[in-house]
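Asker: fold the following.
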Amino acid sequence: MKLIRFTLAKLRLLHLILVVFTCAFMYCQFTLPALAITSYQSDPTEGTTQLLETQRRTDEVGSRSTPLNREEVTDAHRGLGLNEVQGDADIDKMQNPENSQSATSVKDEVEGLLKKVTGK
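Answerer: Reported below is the predicted structural model:
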């Protein structure tokens, strides 16, 4: 009988510890994301300037009777980098013919795999 009481007391203690840890875990899960709100707060007018400039360009192009020709488009985008949004960011990570000479094609990889599997 003493053994049963002792075992039940241990189970109650284990149950209590499990409940406390579960409550603490849930508390952290719900409160820590709320604390992240104090990180970077963007200014509500940050995007407005870019949008107004885009709207101005759109209105300017829309008011023309003829669309822009190739030279006008090239001149307008000269110096912006790869594209208007990204600019020159991560240009060194992009794949181009100069840094892709040693790359293997999917066809070559599949042929190599089939040779390994079939032994031919």
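
Asker: ranking helices and strands of the chain by mean pLDDT, which lands last?
Answerer: helix 46-63 (a mean of 77; mean pLDDT, DSSP states H and E).

Asker: and the contacts of it?
Answerer: 67-68 (CB atoms under 8 Å, 6 or more residues apart in numbering). C-beta: built from backbone N, CA, C; applies to glycine.

Asker: go ahead and produce CSV holding the CA coordinates of the helix or strand that that helix is followed by.
Answerer: Counting by DSSP states H and E, the element after helix 46-63 in chain order, helix or strand, is helix 70-76. Output in CSV follows, covering the C-alpha atoms of helix 70-76 (Å, rounded to 0.1, in the frame of the first residue of the first chain):
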residue,chain,number,x,y,z
ARG,A,70,13.6,52.1,-77.3
GLU,A,71,16.2,54.9,-76.8
GLU,A,72,14.0,56.8,-74.4
VAL,A,73,13.4,53.7,-72.3
THR,A,74,17.1,52.9,-72.3
ASP,A,75,18.0,56.5,-71.3
ALA,A,76,15.5,56.6,-68.5
